[in-house]
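K.L.:
Predicted model and sequence follow; I will ask about them next.
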Amino acid sequence: EVQLVQSGGGLVKPGGSLRLSCAASGFTFSSCSMNWVRQAPGKGLEWVSSITTSSYEYYADSVKGRFTVSRDNAKNSLYLQMSSLRAEDTAVYYCARVGDCRVNLRDNRFDPWGQGTLVTVSS
Amino acid sequence: QSVLTQPPSASGTPGQRVTISCSGSSSDIGSNVVHWYQHLPGTAPRVLIYSNNQRPSGVPDRFSGSKSGTSASLAISGLQSEDEADYYCAAWDDSLKGCVFGTGTKVTVL
């Protein structure tokens, strides 16, 4: 069974840092592009970042220069290092695999998703 | 980051057909495939339709998708109470080099 289990959320002060993790199982992690999506309280879904199998990184303008996505294929894990956090980064963060690992990122859906982890940025 | 435009809400009685629109531009929907997600509060989103009109296994055939030019739509026929949820369209944007989501539509079953 394909599973994505997230960890690392919590409360952090503005300007602080936090690292989210996403542990994958049930598929060949190194063969699949991975993604981060968030949902702020009362808001819609917002794409945050993607990383391809060759570790090419993509970022939303809202997090560029502050967030860094990475992967450790040996540990079957995806990470999101978040720094210079702002109140507007408060959200539930989801990791998601692409639906078909043979298809390029641009044409791919996000499936499955992790359970989500809450990040709260507040003093 | 640009977003795709959806109506904020849609509703219908059980058994009715509901359609949700998703409007984009030449750099997103006009150039790339569209996916649709269902999101229930407190759960992870799940894909309902991918590549404009493909249904993953396990998704009822009551859900269908279409795309024309820079717009797409999701139809739910035979509306059921368990279809009450938020629905989002999504597509890759070639200009932004990233994914864009729709603004979301809350479906209510009356």
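P.N.:
Thanks, I have it.
K.L.:
Tally up the residues packed near residue B:107, please.
P.N.:
19 (other Cβ atoms under 10 Å in any protein chain shown). Bear in mind the C-beta positions are built from the backbone N, C-alpha and C, glycine included.
K.L.:
what do you get for residue A:18?
P.N.:
Count around residue A:18 with other Cβ under 10 Å applied: 20.
K.L.:
ok, now residue B:80?
P.N.:
So residue B:80, with other Cβ under 10 Å, has 12 neighbours.
K.L.:
List the buried residues of stretch B:11-25.
P.N.:
B:12, B:18, B:20-25 (16 or more other Cβ atoms under 10 Å in any protein chain shown).
K.L.:
Give me the contact list for it.
P.N.:
With contact meaning Cβ atoms under 8 Å, 6 or more residues apart in numbering or on different chains, stretch B:11-25 is reached by B:2, B:4-7, B:10, B:29-30, B:34, B:36, B:70-81, B:87, B:89, B:91, B:100, B:102, B:105, B:107-110.
K.L.:
what's the next secondary structure element after whichever strand in chain B runs longest?
P.N.:
Across chain B, the longest stretch assigned as strand under DSSP state E is strand B:85-93. The first helix or strand that comes after strand B:85-93 along the chain, using DSSP states H and E, is strand B:98-101.
K.L.:
Beta-bridge partners for residue B:34, please?
P.N.:
residue B:91 (DSSP bridges).
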